[in-house]
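Visitor: Fold the following.
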Amino acid sequence: MDRRPHLFLLSVAVASSALAAPGAHAQSQAESVGGSAQAPQVVESEVERRTVKPAAVPTENFEIGAFVGIASIEDFGSNVVYGSRIAYHFTEDYFAEAIVGRTETGKTSYEYSTGARPLLSDDQRTLTYYDLTVGWNVLPGEVFLGRKRAMPSALYVTSGVGSTRFAGDDRFTASLGAGLRLLVSDSLAVHVDARDRMFKIDLLNNSQVTHNLEFTMSLTAFF
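Guide: Numbering: from 1, shown residues only. Model (predicted):
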């Protein structure tokens, strides 16, 4: 009897068992560690989500308000200055502003030292100015008050021209300044400003360009 067909079938069966053994062994190991060969175990992350309140940035373009501070008029002393301002914001970075201010000046050093007759009348000592400036928000950001309170802010610089009514004349004025704007609510802002207004004075036959510093704080509203 020919046994070669039986030997051939036996060889095929042994080879098939050897090929199937590694897969079954791997499946057995996966099941032993709690996994599944068909669907691996997924670890669910447990991250506590916190509530984030968006920054209260106004969407209105116009800003109007009033200011008060100290103006130092060269050789005329330092006095209280007050006025109003209105601005239009073209973009998030650039704006234009119109400012009207007023202060009362004191005596000059010449009047104090010599006791001479006053150089100016009381009306002439009132200084009123009108400025038109452009501004650039150089450093927008936030100011933090404690751990849970943050106010949007912007550090800006300004440059402009205008007119100053003083000592009976209207004088061309150039100005440079810098300021900080804090948004305390959706529509209200607080400003802290420093400006240098430059105009020419020609008293006692001595014409010179003066630098007149001003430091103010203002409250404005967007609309």
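Visitor: Give me the phi and psi angles of residue 109.
Guide: In terms of degrees, to the nearest 10, the main-chain angles of residue 109 are phi -60, psi -30.
Visitor: For the spatially most central residue of the chain, give its distance to residue 119.
Guide: Centroid check for the chain by C-alpha atoms, centre = their mean gives residue 154 as the closest residue, at 2.1 Å. Using C-beta to C-beta, to the nearest Å, one gets 42 Å for the distance from residue 154 to residue 119. Every C-beta, even on glycine, is put in place using the N, C-alpha and C of the backbone.
Visitor: just residue 155 next, same as before
Guide: Taking C-beta to C-beta, one finds residue 155 at 40 Å from residue 119.
Visitor: May I see the buried residues of stretch 80-93?
Guide: Applying a neighbour-count criterion of 16 or more other C-beta atoms under 10 Å, the buried positions in stretch 80-93 are 81, 83, 85, 87, 89.
Visitor: Just the C-alphas of that stretch, formatted as CSV.
Guide: The C-alpha atoms that make up stretch 80-93 are tabulated as CSV, following Å, rounded to 0.1, in the frame of the first residue of the first chain:
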residue,chain,number,x,y,z
VAL,A,80,-4.4,122.8,37.9
VAL,A,81,-5.4,122.0,34.3
TYR,A,82,-8.8,120.6,33.2
GLY,A,83,-10.5,119.9,29.9
SER,A,84,-12.2,117.4,27.7
ARG,A,85,-11.1,115.0,24.9
ILE,A,86,-12.8,113.0,22.1
ALA,A,87,-11.1,110.3,20.1
TYR,A,88,-11.9,108.2,17.1
HIS,A,89,-10.2,104.8,16.8
PHE,A,90,-9.5,103.9,13.2
THR,A,91,-8.1,100.4,14.0
GLU,A,92,-6.9,98.6,17.1
ASP,A,93,-3.5,100.3,16.7
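Visitor: tell me the contacts of the residue nearest to the centre of the chain?
Guide: Contacts for residue 154 (C-beta atoms under 8 Å, 6 or more residues apart in numbering) come out as 137-141, 180-181.
Visitor: ranges for the strands of this structure?
Guide: Under the criterion DSSP state E, the chain carries strands at the ranges 62-73, 77-89, 94-104, 126-145, 149-166, 169-183, 188-203, 206-222.
Visitor: Compare the ones you listed and report which one is nearest to residue 114.
Guide: Ranking the strands of the chain by distance to residue 114, with C-beta to C-beta as the measure, places strand 188-203 first at 13.6 Å.
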